[in-house]
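J.: below: sequence and its predicted model.
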Amino acid sequence: MKIAFRVFAFLLLMISLSCEDVVQIDLQESTPRLVVEASIIWKKGTNGNYQIIKLTTTKPYFETDYSPATGAIVEIKTPSGETFNFIEEYAGIYTNTNFVPNLNAEYQLTILFNEEIYTASESMIPVVNLEEVEQTFNGGFSGDEIELRAYFSDPAEIPNYYLFKFLLQEDITLQIYEDEFTNGNRTFAYFSDENLEVGDMVSFEIQGISERFYEYLYILSSQAGESNGGPFQTQPTIVRGNIINESNPDNFAFGYFRLSETNNLDYRIQ
C-alpha cells in the first residue's frame, strides 16, 4: 500500500510539473522620453558656481540599466542675456563651473536633444537659516523614540514653501512644507527614527522652493503612497513638471527645473 501511494504521488508530481507553462508578459513599449534632473542649489556661504544637470531617458519596465541622454546641448540664460553653458562631463551629466546665482532672479533652461528643443523657466527661491536643533525622547509611534526639531523663523511678507532633507548616514528623508498656518512665526521641522542612537550625526537641510514645485512634489509623494494606500489614495497618473517640448509638445519630458537657496545644520545625538 505504501509503495502504491508513493507511485501515485510521484505520478501526480510529474503531471503537475508537465503542466507548468512559462508566462510571457508582453508589455507595450513606448518611445523613450527625456528625463530632466535640473536642481540648481546655492548653499549659503558658497559662491554656487559649480552646478550639475542630469539627463536620462525612460526605458522599458524590466530594464535596470542606466540610460543617459548623451549629446545634448544644455544652457541656462538670464533675462539680461547672460548664458551659462553646461558641458557633458560624463555620460548624461552636464556641468557648469561659472554659474552666478542671484536670489529671486529669473532663469531659463534650454535643452537641445535629438533635434528637439526643451525649455523651462523658474526663479531662484531664497530661504531662511536653520537656527537650532532641539532633542526630545517622546517621538515616533511608540512615543519613546528620539525626536529632533530643527527651528527656523518664517518670513511674514510672502507665502513660503520649503523642502527639508534629513540625512542619517546614507539614508535621506524628505519633507515638504507650506507656511499657511505658521506664516511669520518661529516654527520647526521634526525628524524621528527608531534607529537613532547617541553619538549619531544628523544633517538637516532647508531649501526654498516655489509654489509650483511644492505642488509637483506633493503629487509625486501621493503617487509614491504617502497616503498609506487608503481607500482615497490618489490614483497613479503621469506627473509632468515644468519642462516644455517646444518642437513637439506630444513628446513631453519628465522632470523639473528649479533653483533654490539652501541652508544646512549638523547635529550630534546626545
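T.: Sure thing, it's come through.

J.: which residue ranges of the stretch 1-150 of the chain form strands?
T.: 34-43, 51-57, 73-77, 83-90, 93-96, 106-113, 116-125, 132-139, 145-153 (DSSP state E, counting those that start in this stretch).

J.: and the ones you listed as TSV, adding mean neighbour count and distance to residue 209?
T.: In short, each C-beta sits where N, CA and C put it, glycine included. What follows is the strands of the stretch 1-150 of the chain, written out as TSV (neighbours: other Cβ atoms under 10 Å; distance: least, Cβ to Cβ, whole Å):
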stretch	mean neighbour count	distance to residue 209
strand 34-43	20	10
strand 51-57	21	17
strand 73-77	19	18
strand 83-90	15	21
strand 93-96	19	21
strand 106-113	19	14
strand 116-125	18	6
strand 132-139	14	22
strand 145-153	19	14
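
J.: figure out which of these is closest to residue 267.
T.: Among the strands of the stretch 1-150 of the chain, strand 132-139 comes nearest to residue 267, with 4.1 Å by Cβ to Cβ.

J.: which elements pack onto the closest one?
T.: Contacting strand 132-139 under the criterion 3 or more Cβ pairs under 8 Å, 6 or more residues apart in numbering; DSSP states H and E are the following elements: strand 145-153, strand 186-192, strand 254-268.

J.: quick one on the thing from earlier: by mean pLDDT, show me the worst of the strands of the stretch 1-150 of the chain.
T.: When the strands of the stretch 1-150 of the chain are compared by mean pLDDT, strand 132-139 comes last with a mean of 86.

J.: ok and it relative to strand 145-153, angle-wise?
T.: Angle, strand 132-139 to strand 145-153, by axes from the mean of the first three to the mean of the last three Cα atoms, to 10 degrees: 150 degrees.

J.: for residue 174, which of the strands of the stretch 1-150 of the chain is the nearest?
T.: Using Cβ to Cβ, the strands of the stretch 1-150 of the chain put strand 34-43 closest to residue 174, at 12.5 Å.

J.: CA atoms of that closest one as PDB?
T.: Extracted in PDB, the C-alpha atoms of strand 34-43 (Å, rounded to 0.1, in the frame of the first residue of the first chain):
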ATOM      1  CA  LEU A  34      13.700  62.700 -21.900                       C
ATOM      2  CA  VAL A  35      14.000  62.900 -18.100                       C
ATOM      3  CA  VAL A  36      15.500  66.100 -16.700                       C
ATOM      4  CA  GLU A  37      17.000  66.400 -13.200                       C
ATOM      5  CA  ALA A  38      17.900  70.100 -13.100                       C
ATOM      6  CA  SER A  39      18.100  71.300  -9.400                       C
ATOM      7  CA  ILE A  40      20.300  74.400  -9.200                       C
ATOM      8  CA  ILE A  41      21.200  74.600  -5.500                       C
ATOM      9  CA  TRP A  42      23.000  77.500  -3.900                       C
ATOM     10  CA  LYS A  43      24.300  76.700  -0.400                       C
END
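
J.: and residue 116, how far is that from residue 177?
T.: Counting by Cβ to Cβ, to the nearest Å, the separation of residue 116 from residue 177 is 36 Å.

J.: same question, residue 242
T.: Taking Cβ to Cβ as the criterion, residue 242 is separated from residue 177 by 20 Å.
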